[in-house]
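[1] Structure for the following, please:
(one chain, ligands or ions: 1)
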Amino acid sequence: MSSVRTVVVPAGGLGTRFLPATKALPKEMVPVGDRPAIQWGLEEAAASGIRRAVIVTAPGKDLIKAHFAPDPGLEAVLEQRGSPELAERIREISKLCALEFVEQPQPLGLGHAILCALERVQGEAAVAALLPDDLFSGSPPLLSQLIEAYTWEGCTVLALRRCSKEEISRYGVAAVEGDGPVFRVSDVVEKPAAEDAPSDLALMGRYVLTDEIFSALQATRPGHGGEIQLTDAIRSLAGRGRVVGVEFVGEILDVGTLESWLATNAAIMWQDPELGPALRARIQQLEETQL
Ligand code: G1P
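    Sure thing, here's the model as predicted:
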């Protein structure tokens, strides 16, 4: 059993970068390959030994709940139609984690979303947090890499990836000490200008947060973009020597913008034994007709 049993999944954003597709459809439900983005995240959490997820949603995001609810009617139809494997895959979705939902009444930022989960995780020494816009591809699962570091260090753990100068201002960035792959984090800055970034180590959307984070969040004032930033609360823990960062093994695939979503879908389908050849043939055909 993992020493971290709950993951908090912020899913309350407005999805403005995906409009009009996300006018009624929560952006976490946009398909990546053959399943919604948020399902990839919960599969990673389950594979990391996490058994419970607190999903922080905005009002009107009931489709997320519906997707993870058992659907015996659909399973029965699939069995009758001779698709027992698909029926089993559908059954597994509702068994990934025990889900609880909390509403974030207003989109006041990532830090605020995490704070909305406080009541549900009180008494736990640490919780994981997973941003469903960042898909992980690789082994072992990214959250399990962070949980392992937490087991040794007993403090908040960040997922760090080296980024180019062009990309760095899209992320939180860590100032670190040591040689890695587990670094002591002395500071974090949310979305700095490239010339102000303290390193090239950017925060990806996975965290193990010790319970100290909640009092730090309660004391955090609006920061970058006028929002309550998780990075700013982590900064106050870092100042007390209570944060490490792991330069993890594996890859993050972003689905947070239309362009990155398209590229991630193409990358996933490219590797698929059935869809890959069809996709390549179609792209070749398109290239030929565009000449
Ligand atoms: C959030 C965090 C940022 C982090 C990023 C990872 O930003 O605030 O520190 O680097 O996720 O994807 P967002 O992408 O929600 O703007």
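
[2] Most proximal residue of the stretch 151-291 of the chain with respect to the ligand?
    With Cβ to the nearest ligand atom, the shortest gap between the stretch 151-291 of the chain and the ligand falls at residue 172, namely 2.6 Å. No exception for glycine: its C-beta is placed from N, CA and C like everyone else's.

[3] What residues does that residue make contact with?
    Residue 172 makes contact with 188-191, 202-203, 229-231, 234, according to Cβ atoms under 8 Å, 6 or more residues apart in numbering.

[4] List the beta-bridge partners for residue 130.
    Beta-bridge partners of residue 130, counted by DSSP bridges, are residue 206.

[5] start at 47 instead
    New numbering, starting at 47: the last item is residue 176.

[6] circling back: near the ligand too, which of the contacts of residue 218?
    Checked against the ligand using Cβ under 6 Å from any ligand atom, those give the following subset in range: 236, 248-249, 275-277.

[7] Among the residues you listed, which lie within helices?
    Assignment to helices by DSSP state H places the following of these there: 276-277.

[8] pLDDT for the ones next to the ligand among the contacts of residue 218 - can I get that in TSV?
    Below are these laid out as TSV (pLDDT from 0 to 100):
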residue	pLDDT
236	97
248	98
249	98
275	97
276	98
277	98
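
[9] Considering the ones next to the ligand among the contacts of residue 218, which possesses the most neighbours?
    Neighbours here mean other Cβ atoms under 10 Å. Within these, the largest count is held by residue 276, at 29 neighbours.

[10] That one touches residue 156, doesn't it?
    Yes - assessed by Cβ atoms under 8 Å, residue 276 is found in contact with residue 156 at 4.6 Å.

[11] near the ligand, which residues of this structure show up?
    156, 177, 179-180, 217-218, 236, 248-251, 275-277, 302.

[12] Mind doing that once more with 5 Å?
    Proximity of the chain to the ligand is confined to 156, 180, 217-218, 249, 251, 277 under the rule Cβ under 5 Å from any ligand atom.

[13] Now do the same contact list for the nearest residue to residue 238 once chain neighbours are set aside.
    Ranked by Cβ to Cβ, 6 or more residues apart in numbering and with sequence neighbours excluded, the top spatial neighbour of residue 238 is residue 219, at 5.7 Å. The contact partners of residue 219, taken as Cβ under 8 Å, 6+ apart, are 234-235, 238, 243-249.

[14] Mind checking which of the residues you listed land in strands?
    By the criterion of DSSP state E, membership of these in strands covers 234-235, 247-249.

[15] for the helix or strand containing residue 191, the distance to its chain's centre please.
    Residue 191 belongs to helix 188-199 when elements are defined using DSSP states H and E. The offset between the C-alpha centroid of helix 188-199 and the centroid of the whole chain comes to 16 Å, using Cα atoms, centre = their mean, to the nearest Å.
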